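J.: Predicted coordinates and the sequence they were generated for:
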Protein chains: 2
Amino acid sequence: MSQPLRVGVAGLGTVGASAIRMIERQSAALAARTGRSVVVTAISSRDRAKDRGFDASSMTWFDNAVDLAGSDRIDLFVELIGGADGIARDSVTRALAAGKAVVTANKALLAKHGMTLARLAEEKRAALAFEASVAGGIPIVKTLREGLAGNSIRRVSGILNGTCNYILSRMEQEKLSFAECLADAQRLGYAEADPTFDIGGFDTAHKLAILTSLAFGTAIDAEAIHVEGIETISLADLAAADELGFRVKLLGVAERGGNGVEARVHPTMVPKTSAIAQVMGVTNAVTVDADAVGQLTLVGPGAGGEATASAVVADISDIAKGVRSAPFGLPTAALAQVARIPVQRHEGGYYIRLDVADRPGAMAAIATRMAERQISLESIVQKASHSAGGGRVPVILITHATTETAVREALDKVVADGFVSGKPQLIRIER
Amino acid sequence: MSQPLRVGVAGLGTVGASAIRMIERQSAALAARTGRSVVVTAISSRDRAKDRGFDASSMTWFDNAVDLAGSDRIDLFVELIGGADGIARDSVTRALAAGKAVVTANKALLAKHGMTLARLAEEKRAALAFEASVAGGIPIVKTLREGLAGNSIRRVSGILNGTCNYILSRMEQEKLSFAECLADAQRLGYAEADPTFDIGGFDTAHKLAILTSLAFGTAIDAEAIHVEGIETISLADLAAADELGFRVKLLGVAERGGNGVEARVHPTMVPKTSAIAQVMGVTNAVTVDADAVGQLTLVGPGAGGEATASAVVADISDIAKGVRSAPFGLPTAALAQVARIPVQRHEGGYYIRLDVADRPGAMAAIATRMAERQISLESIVQKASHSAGGGRVPVILITHATTETAVREALDKVVADGFVSGKPQLIRIER
């Protein structure tokens, strides 16, 4: 048996503590699987005194994670601090610079500095692994990086944020408002005190940036992703979706187009009968469409200490076995700078909800504006019983495939015509 | 860049030809991913003349797969011949004995000789990989062997045979008889001329034997699996299931019990709202329940040339990168000989369909026999409209959790009482 793999863990929140307990609990199995023992030899966190359910007496304590990262008491550095910059970035950089393997769950760090870190890892011949950074316990990074090595991938999409899916599921099932569901999510620890990062779609975008790079062999480019959150989704939208056979999910979608990659995060209408529509609550799901394998879907827990730690420990196990994969599947020099297709060029169906003045000519004007932009309508629903008050009624339009630009232009005209009040609601449809 | 990896492929059916075309198509990406070029240098098959969509002119032809396996023109042998013995076994043994890596899709071979082959691979320090042997393009072997390395697995279950799922899906959706759906499956190439292996559950059992070993770290023991096929499932069962909120699927299930592992293959009632119930047609799905990750489900194509070749090429890519995993996750000496819990000790709910004489006392006698064995009933459905003819009516019982032994004994008594005709139908329920 080889030398033990000495692991240092920085950040002892739920995931860090779970990972350390898991390494201890699975000690014999990990040694049998990898051919060497895996031992946590050093830790660092903000609060030294706290009891975290493991015996820290044999571990060296570091007040500073960067010192831990550079210490010659460890071979592998686990970064669970979080944040795109500051100590997370400094400590990961320090570990890689010292030629140590790094395992991280930090999607913000990877979305912003992934390329720089991957180049450093490559230069120092150090492993950089991050299964836990996307979709918690679901092994999607491994699947894209290794399991589909023979495939050319067309599309990767999924529910990547449990907070948003929890809120949308509860709104739909219990007819509760967005605000009520958000408050419950915060109370249950599914959402942060400042929920912008989750509900604004930014967390999903960071994860999608990583998946896009892995799926298409492209350099990470989180800035190029079009991001919309779920803040504007109302019960009226969910009720209309239900009536039309859809559910609303916050999806991250990246797909290869004729001359580039289109990557976007937004609330999406999906058919109620689709696999993705069955994914409720904090569960995550990722679907990959590829030339050889066709469609592959992975469903599992997207967050939680134990599930995320499961991904951290799998990465540690691979590194202990000596597995060498380029962080993003290909050498950094081979990662293409692919043109990003702007969302304005997106083609697909749209759901449109308008508050329309209940007077003659309104529907004719709307229909005309759509026709002017060659937008053909699959269905129009107008119900007096759903009166929005003030002599206004909600009108729901479902379009056949058209372009984002055409829809936006038509709606600008509709608003200018003065028949609708408020901002039109626009939700993309994926079938 | 290292030396090229020279691959020999024996068996040039749909999967073999797809794999060779895929290696050529993905040549640049595979080289970038693995750091070396992957080249098919030798082939063997029954019919040399056939055009298979790739240029074989630079490949050495072998009339005999065993000679190919031992040839010093290859570093890696791909076995796609099939069959538990004969030339498949001989050629894999020959390749491993010569220290060559082996990739195979042959579940029958692994179910029967997996331990012997794994020991030989270990002794010769040769890789033995078989992602393609279970659930086609779904990376479940990699997930169990690597992706869940930190987990203790409680249960692995799934739809592992596309032929059976196709037949059951069509019977349910189109109210066609088993015989009609089987004939269609044969016409479409989903089922063999002799379909016993698929519909009798044996193909599922071979795959389950492999998954059981990977999930629980146990020696392969296909003989210990209880196997029932779908031949006895009637439209009456599917209609009753539908009414009670269930669908019928052929599941392979392996779960850790108090003092062993219970592994079984049989038609199963699953709630219509469950994820597994949504899997229709030739699609496969595998669910893993584990202590850390909770529940993880993988859904994808279980068969087909391209999807299966995708798994073959992923294994080749890992071997090209130098990944070393023990074939069944652990060294063979560490694979436990775990006690197999016989199906008689299975505890769960049961669906029972009886053709009952339409005369006084019948229901009382049945209910008494159930009560004598402490079997409590969740529901009883008896409908005159469903008359089975000859003064007999079908009666459906759904039991609460009980043991297989209790149910079997109670039904023996019911049959002896003379109120029912024919063999009682018994289908296990998994919720």
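T.: Thanks, I have the structure now. Numbering: from 1, shown residues only, chains lettered A, B, ... in the order given.

J.: low-confidence ranges in the stretch 301-431 of chain A?
T.: Counting by pLDDT under 70, the ranges of the stretch 301-431 of chain A that qualify are A:384-390.

J.: SS state for the residue of chain A positioned farthest from its centre?
T.: Ranked by distance from the centre of chain A (C-alpha atoms, centre = their mean), the top residue is A:Pro360, with 45.2 Å. In three-state terms, and counting by DSSP: H, G, I helix; E, B strand; the rest coil, A:Pro360 is coil.

J.: Helices of chain A, start to end?
T.: Using DSSP state H, the helices found in chain A span residues A:14-25, A:27-34, A:65-70, A:86-97, A:107-123, A:140-142, A:162-174, A:178-187, A:196-199, A:202-216, A:235-243, A:305-321, A:362-372, A:404-417.

J.: quick one, which of these is nearest to A:Ala339?
T.: helix A:202-216 (11.5 Å; C-beta to C-beta). From N, CA and C alone the C-beta is placed, and that goes for glycine too.

J.: pretty sure A:Ala129 is touching A:Ala320, no?
T.: No: using C-beta atoms under 8 Å, A:Ala129 is not in contact with A:Ala320; the gap is 11.2 Å.

J.: still on that earlier bit, so who does the residue farthest from the centre of chain A touch?
T.: Contact analysis of A:Pro360 by C-beta atoms under 8 Å, 6 or more residues apart in numbering or on different chains lists nothing.

J.: Equivalent analysis for the one 10 residues further on, please.
T.: Neighbour list for A:Met370: A:Ser376, A:Leu377, A:Leu397, A:Thr399, A:Ala410 [criterion: C-beta under 8 Å, 6+ apart].

J.: want to try CSV for those, with distance to chain B as columns?
T.: Formatted as CSV, the contacts of A:Met370 follow (distance: C-beta to the nearest C-beta, whole Å):
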residue, distance to chain B
A:Ser376, 31
A:Leu377, 30
A:Leu397, 30
A:Thr399, 28
A:Ala410, 36
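
J.: Any figure for the gap between the residue farthest from the centre of chain A and B:Ile398?
T.: Per C-beta to C-beta, to the nearest Å, A:Pro360 is found 59 Å from B:Ile398.

J.: Give me every residue in the stretch 1-150 of chain A lying close to chain B.
T.: Within the stretch 1-150 of chain A, the positions adjacent to chain B are A:18-19, A:22-23, A:25-26, A:29-30, A:32-33, A:131, A:137-139, A:142-143, A:146-150 by C-beta under 8 Å from any C-beta of the partner chain.

J.: Get me the contact residues on the stretch 201-350 of chain A for chain B.
T.: So the stretch 201-350 of chain A meets chain B at A:217, A:275, A:278, A:290-301, A:304, A:306-307, A:309-310, A:312-314, A:316-318, A:321-326, A:329-331, A:334 (C-beta under 8 Å from any C-beta).

J.: and the residue of the stretch 301-431 of chain A nearest chain B?
T.: A:Val313 (3.0 Å; C-beta to the nearest C-beta).

J.: For the spatially closest residue to A:Phe216 that is not a sequence neighbour, give the beta-bridge partners.
T.: Using C-beta to C-beta, 6 or more residues apart in numbering or on different chains and skipping residues adjacent in sequence, the residue nearest A:Phe216 is A:Val261, 5.5 Å away. Beta-bridge pairing for A:Val261 (DSSP bridges): A:Arg256, A:Arg340.

J.: burial count for A:Arg6?
T.: Neighbourhood size, A:Arg6 [other C-beta atoms under 10 Å in any protein chain shown]: 18.

J.: Looks like it contacts A:Ile74 (just checking).
T.: Yes: shown here, A:Arg6 and A:Ile74 form a contact pair, counting by C-beta under 8 Å, at 4.9 Å.

J.: Common neighbours of those two, please.
T.: Joint contacts of A:Arg6 and A:Ile74 (C-beta under 8 Å, 6+ apart) are A:Thr41, A:Ala42.

J.: Contacts made by stretch A:166-176 with the rest, please.
T.: Stretch A:166-176 has contacts (C-beta under 8 Å, 6+ apart) with A:177-178, A:181-182, A:184-185, A:190-191, A:199, A:230, A:233, A:235, A:238, A:242, A:247-250, A:267, A:280-282.

J.: got the contact list for A:Glu404?
T.: Residues in contact with A:Glu404 (C-beta under 8 Å, 6+ apart) are A:Val343, A:Gln344, A:Arg345, A:His346, A:Glu347.

J.: If we ignore the residues flanking it in sequence, what's nearest it?
T.: A:His346 (4.5 Å).

J.: Surely the one you found touches A:Glu430?
T.: No: between A:His346 and A:Glu430 there is no contact under C-beta under 8 Å: 10.6 Å.

J.: how about the nearest residue to A:Gly83, chain neighbours excluded?
T.: The shortest distance from A:Gly83 to any non-neighbouring residue, by C-beta to C-beta, 6+ apart, is to A:Ala108 (6.3 Å).

J.: My read is that that neighbour contacts A:Glu79, right?
T.: No: counting by C-beta under 8 Å, A:Ala108 does not reach A:Glu79; the two are 11.5 Å apart.

J.: mind checking how far stretch A:317-336 is from the chain centre?
T.: Distance of stretch A:317-336 from its chain centroid, counting by C-alpha atoms, centre = their mean, to the nearest Å, is 21 Å.
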